[in-house]
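Enquirer: sequence first, predicted coordinates after that:
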Amino acid sequence: MNEVAIALLTDTCFNHCLGGHTGDTYGAVVKWTEVLLLCVLVTLE
């Protein structure tokens, strides 16, 4: 469930800042979600 929240937050941020999406922003959302989820998991340990 954490990854969904992170993905939606990142997606909304990109959409607001850039005014839309491209293939590059979708790829960035995937990478940001992976990195932020790993940070959350490390923090919880």
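Expert: Nice, thanks for sending it over. Residues are numbered from 1 along each chain as shown.
Enquirer: after the helix or strand of the chain with the lowest mean pLDDT, next one along is what?
Expert: Using mean pLDDT, DSSP states H and E, the weakest-scoring helix or strand in the chain turns out to be helix 2-18, at a mean of 84. Using DSSP states H and E, the next helix or strand after helix 2-18 towards the C-terminus is helix 23-44.
Enquirer: which residues does that next one contact?
Expert: Contacting residues not belonging to helix 23-44 are listed as 2-3, 6-7, 10-11, 14, 18 [C-beta atoms under 8 Å, 6 or more residues apart in numbering]. (Glycine included, C-beta is placed from N, CA and C.)
Enquirer: just the buried ones from these?
Expert: By neighbour count, with 16 or more other C-beta atoms under 10 Å, these hold 6-7, 10-11, 14 as buried.
Enquirer: as JSON lines, those residues with distance to C39 would be great.
Expert: Shown next, in JSON lines, are the buried ones among the contacts of helix 23-44 (distance: C-beta to C-beta, whole Å):
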{"residue": "I6", "distance to C39": "9"}
{"residue": "A7", "distance to C39": "14"}
{"residue": "T10", "distance to C39": "13"}
{"residue": "D11", "distance to C39": "18"}
{"residue": "F14", "distance to C39": "18"}
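Enquirer: run the chain-centre distance for the least confident helix or strand of the chain.
Expert: With C-alpha atoms, centre = their mean, to the nearest Å as the basis, helix 2-18 stands 5 Å off its chain's centre.
Enquirer: and that helix, what does it pack against?
Expert: Applying 3 or more C-beta pairs under 8 Å, 6 or more residues apart in numbering; DSSP states H and E, one finds that helix 2-18 contacts helix 23-44.
Enquirer: now do the buried residues in the helix it packs on.
Expert: Neighbour counts over helix 23-44 (16+ other C-beta under 10 Å) mark 25, 29, 32-33, 36 as buried.
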